[in-house]
Structures are given as structure tokens and as C-alpha cells.
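Asker: got a structure for you, letters missing:
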């Protein structure tokens, strides 16, 4: 009952994620069409490209025309540099000052949201005899990191941008609710952003690149695209959860497909209990199919006793607690009997990751990020 007989399931033994690089390229092209022609697209590949594998996705996105890459940590950036990635890169958040040596050496553009950060970075750049590009981070309403935009820290921003060894290249902020219907708050954030930029320009500080739009902003606010946009979850074929209808036509394709294998099948009599804790008791003669995937692979234990995996195109409920390396499903009602080696689908193009997110009360971002590192990544297309 192999779901796709043409697929070489022999390339993985228990579980794998198939990363469709053609789908990734397609999504980038769709985003390019939705973005203003003069606006560059930064590809967000932080957190190992949301679990998709940063190196392979970065190569594909650069080949598709990405203007640069966004990372969360200096280690993510250095790893890509060491694999020959030469395009502009920036870290979106915090870098410990002890890592500024690497930031300057590997030419990783830094987010700056305090004078102390700028001064320490300046000292390191001067020590190395190099320039360090920075992006000034403004807090327009996210409440996370960033210089205030009420005018009280304008002089501090000016001082940060005029330090030796510092090149004030970009200025950016982050929308808090662009993926909701609270458009007034998003417009307020944008107005604060532009007003602070204008105030800085009056004081002689200007930036080559301004960027504020995340995935939802790209799809819903074309008038706010500015010089750069930061494409994240939509690159990977998923919509920001709850996002209102985009103002543009866009067709996204899921990039990640998560599969596992049937590893054992048995029939048990009524009254048999299954798995740790004996939380499931068979109410009938039951065909129990064991699948080679567990919570150490990223299949949350909270999906125990009810969430369904797909075998032969049919949803089969998990019974009992999910174990570290395995779980059991009830395949009694399948018309065609499963076999050891059959493919099991967790999510992908035929079953959205949003279903797992809904079952867990979370968002699709977390689902792809949580797929374990021991789950083999198999790249197709591209």
C-alpha cells in the first residue's frame, strides 16, 4: 500500500523530510511577482531555514535572485560563509559582544539597537581595520528590541551611526500584527518608522536600505515594501496563521513533506492496552501498526491518542502515548491492508502542517522548526 510507488523509500530507514527545491523556487517567483519591482527580497533562513536546511535552501534562493539572507545568530551566518555563501547576510536580533570578532571577520551585517552595541562593534571593526555594516533596529510597536521611535533616542542613533568603523547601511523594524485584521496598528507602526527615518535624515543620517515588511506585510501592504522585504514562512509554502486574504494573487507550494515508515503490524484482541501509561484500551479486535517516528523526531507527545497519520491516503488515529522513537496507529478500518515498509505521511503537500499546529494549539512555524535533526533531509529538484 505504498502511497507513492515511484518514490525510492529505500533512501531512508525510519523517517525523513523531503525538501522540494522546485517548490521553493516557485514560491520565490510568486513572492517576486507580489513584490514591488524595485524592492529586493531578503530570504529568512534562520533556525536552519525553519527546519528545511539552511545551506541547500540558501543556495536555491540565491540562485533564484534573493538580495541577501537573514539569520538569527552569528553561528548560523558563519556556517554559511564557511560553505562558500558570499551574498550579504544580516542577523536580525542579538549577537553577544564576544562574537563581534566573527561578525566583522565574516562580514555579517549586525542589528544595532543600543549605543553600547554600536560602540563595542566599532571598537572591534577598528581593531581589525575593517568596516562593519549595521542595520539600525527601531521599535515601532513590537516591544522586543530596538531604539525608541518617540524621538528620545534619536541623538543616540546618530552617535551610533557616526562611530569609526561603522557603516550605517540599513534601518528596519518588525510588524507585530500584519497577519491580523488590525491594519490601523500596522499603519501606525509604518508611520512611526518613516517619521524616525525622516528625523534622522534631517540630522545627516541616511540609509541605503529600509525594510519593515515580513511575510504578511509583503502580501498585504505593497505600499510599505520600500527598499527590501524579508520573506520568511511564505518562502516555505505556508501562510502566516490567521492572515487575512492577500491583496495579490499568490499560489504557494509546501516545500517540506514529512514521511515515516510502517515498521511492524499486529492484531490484538479487545481489551489490549497500548503503549506507556496504558492510556488506550482496544474496544474491539484491532490492527495495531507501529510507525518508526516518535517525539525525539519532533512528533509531539501531545498528539498521542487521537491525532491521525496518513497511510495509503487515509487518516489513521494514533493510539496510546507516542514513544521516543515509535508510535502506534489503528489501521483496522483501512480497506487495503498496510505492509511493513509502507510510507506514512505526517504533513506535506497532501496534508498541511497547519493541521498539526491546530492540534497542538501553536503555529505552522513551530511545526517545521521542531522536526528533529536526526530526521534525514532529502532534497529533490533544484
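Answerer: Structure received. All values derive from a computational prediction rather than experimental measurement.

Asker: going by C-alpha atoms from here, please, whenever you check contacts or count neighbours.
Answerer: Fine.

Asker: quick one, phi psi at the spatially most central residue of the chain?
Answerer: Per C-alpha atoms, centre = their mean, the C-alpha nearest to the average position across the chain is that of residue 50, at 3.1 Å. The main-chain torsion angles of residue 50 are listed as degrees, to the nearest 10 and equal phi 60, psi 30.

Asker: and residue 361, by the same measure?
Answerer: Note on residue 361: its backbone torsions stand at phi 70, psi 40 [degrees, to the nearest 10].

Asker: picking that back up, which residues does the residue nearest to the centre of the chain contact?
Answerer: Residue 50 makes contacts with 233, 365, 368-369, as judged by C-alpha atoms under 8 Å, 6 or more residues apart in numbering.

Asker: mind putting those residues into a markdown table with pLDDT, neighbour count and secondary structure?
Answerer: What follows is these, written out as a markdown table (pLDDT from 0 to 100; neighbours: other C-alpha atoms under 10 Å; DSSP: H, G, I helix; E, B strand; the rest coil):
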| residue | pLDDT | neighbour count | secondary structure |
| --- | --- | --- | --- |
| 233 | 97 | 22 | helix |
| 365 | 95 | 20 | helix |
| 368 | 96 | 24 | helix |
| 369 | 95 | 17 | helix |
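
Asker: which two among those residues are spaced furthest apart?
Answerer: 233 and 369 (10.9 Å; C-alpha to C-alpha).

Asker: where's residue 28 relative to residue 245, distance?
Answerer: Going from residue 28 to residue 245 by C-alpha to C-alpha, to the nearest Å gives 19 Å.

Asker: tell me how many other residues crowd the closest residue to residue 323 other than its chain neighbours.
Answerer: For residue 323, ignoring the flanking residues on the chain, the nearest one in space by C-alpha to C-alpha, 6 or more residues apart in numbering is residue 294 at 5.3 Å. Neighbours of residue 294 under the rule other C-alpha atoms under 10 Å: 21.

Asker: so what sits opposite residue 329 in the bridge?
Answerer: In this structure, residue 329 has beta-bridge partners residue 289, residue 318, where bridges are defined by DSSP bridges.

Asker: OK, contacts around it?
Answerer: Applying C-alpha under 8 Å, 6+ apart, one finds that residue 329 lies in contact with 288-291, 308-309, 316-319.

Asker: check residue 62 too.
Answerer: By C-alpha under 8 Å, 6+ apart, the neighbours of residue 62 are 68, 87.

Asker: host element of it?
Answerer: Element membership for residue 62, per DSSP states H and E: helix 54-64.

Asker: in that helix, what counts as buried?
Answerer: Judged by neighbour count (16 or more other C-alpha atoms under 10 Å), helix 54-64 contains these buried residues: 54-62.

Asker: and residue 236, how far from residue 50?
Answerer: 8 Å.

Asker: which residue ranges of the stretch 151-300 of the chain form strands?
Answerer: According to DSSP state E, counting those that start in this stretch, the stretch 151-300 of the chain carries its strands in the segments 166-172, 209-211, 228-231, 256-268, 273-274, 280-281, 286-291.
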